[in-house]
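Enquirer: Sequence plus the predicted model coming up.
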Amino acid sequence: MLSGCGTNAFNYEPQIAPPVRTAPREIPRDVPAQRPPEPPRRAATPRPNPQDVPAQRSPEPPRRTVTPRPNIPSRMRSRPPAATVPAAQSTQKTQTTTQPREIAKHETEFNAKDKNRTTNIARAAETINGHIVQPGETFSYNETVGPTNEKRGYKKGTILIKGKKAEGVGGGVCQVSTTLCGAATDAGMDIIERHDHSKPVGYAEEGEEAATSYGGIDFKFKNDKSSPVQINASVDKNKGTISVTLSEV
């Protein structure tokens, strides 16, 4: 309920104050704008220069301690003993550097169709081939050829026993010793031991053969030359011939 007096009670108008104007705020221009502070930087650790760091060598293996040898005069130092050859094996196969000079050659014929006998002849000839007989030494056929048994490759063949033909291992090796005897005789060697067969043979004249039997009769000759003598034996199985040559080396 409104209170008032007279007719002007309803003609009231509110008084509105005029707006107050304020002067604009001046921003000083000579003051520089401030940037936000930067975060602190981590101090960089300087890297070492590779040239300033000495290279590390790998550890060396431990060295063996060398015990010094006693000072011994050269004449008193021990040397390995020289290899010696028994007298029974003094005749050996040896390679020579000089050209051999042939002094004798002998040849005999055999039946090449007899395979076992041919095998025995070739085996014995191979054994004596290339052997050297030194000056003054004596050559022994039995000691050089050795046992003529099946274990050493010899076969059964015809042999002579008390003038009769028989079959025995090693038949034919006497023809090789007989051929060697002919060459040694032609060379002027000193014949130490020689035996005839109990019956004449077809490959040599009587008195020119050399019957042998391992452990029994043997053929031996001595080299009375001033130079070594080499024995060369060859067998031609097609022609059926044995050839033995003696040469000075």
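Expert: Thanks, I have it.

Enquirer: Would you mind identifying the next helix or strand past the helix-or-strand element of the chain with minimal mean pLDDT?
Expert: Every helix and strand in the chain was compared by mean pLDDT, DSSP states H and E; the lowest is strand 92-93, with a mean of 56. Scanning forward in sequence from strand 92-93 by DSSP states H and E, the next helix or strand is strand 101-109.

Enquirer: Report all helices and strands that that following strand contacts.
Expert: Contact here means 3 or more Cβ pairs under 8 Å, 6 or more residues apart in numbering; DSSP states H and E; on that basis strand 101-109 packs against helix 173-186, strand 241-248. C-beta coordinates here come from the backbone N, C-alpha and C atoms, glycine included.

Enquirer: and residue 235, what does it touch?
Expert: Counting by Cβ atoms under 8 Å, 6 or more residues apart in numbering, residue 235 makes contact with 118, 121-122, 125, 241-243.

Enquirer: one more time with 10 Å, if that's ok
Expert: Residue 235 makes contacts with 110, 112, 118, 121-126, 129, 176, 179, 241-243, as judged by Cβ atoms under 10 Å, 6 or more residues apart in numbering.

Enquirer: Now tell me what touches the helix or strand hosting residue 142 from outside.
Expert: For residue 142, the element it lies in under DSSP H and E is helix 141-145. Helix 141-145 is touched from outside by 86-92, 123-128, 131, 133, 148, 152, 154, 170, 173-174, 176-177, 180-181, 193-194, 210, 212-221, 231, with contacts defined as Cβ under 10 Å, 6+ apart.

Enquirer: The helix or strand that comes right after that helix pairs with which strands, parallel or anti?
Expert: Downstream of helix 141-145, the next assigned helix or strand under DSSP H and E is strand 156-161. Partners of strand 156-161 in the sheet, by DSSP bridges, are strand 164-169 (antiparallel).

Enquirer: Would you mind extracting the C-alpha trace of the strand it pairs with into PDB?
Expert: Only the C-alpha atoms of strand 164-169 are listed here, as PDB (Å, rounded to 0.1, in the frame of the first residue of the first chain):
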ATOM      1  CA  LYS A 164     115.300-135.800 -59.000                       C
ATOM      2  CA  LYS A 165     112.600-133.300 -59.900                       C
ATOM      3  CA  ALA A 166     110.200-132.400 -57.100                       C
ATOM      4  CA  GLU A 167     107.800-129.700 -56.200                       C
ATOM      5  CA  GLY A 168     108.700-127.100 -53.600                       C
ATOM      6  CA  VAL A 169     108.000-123.500 -52.700                       C
END
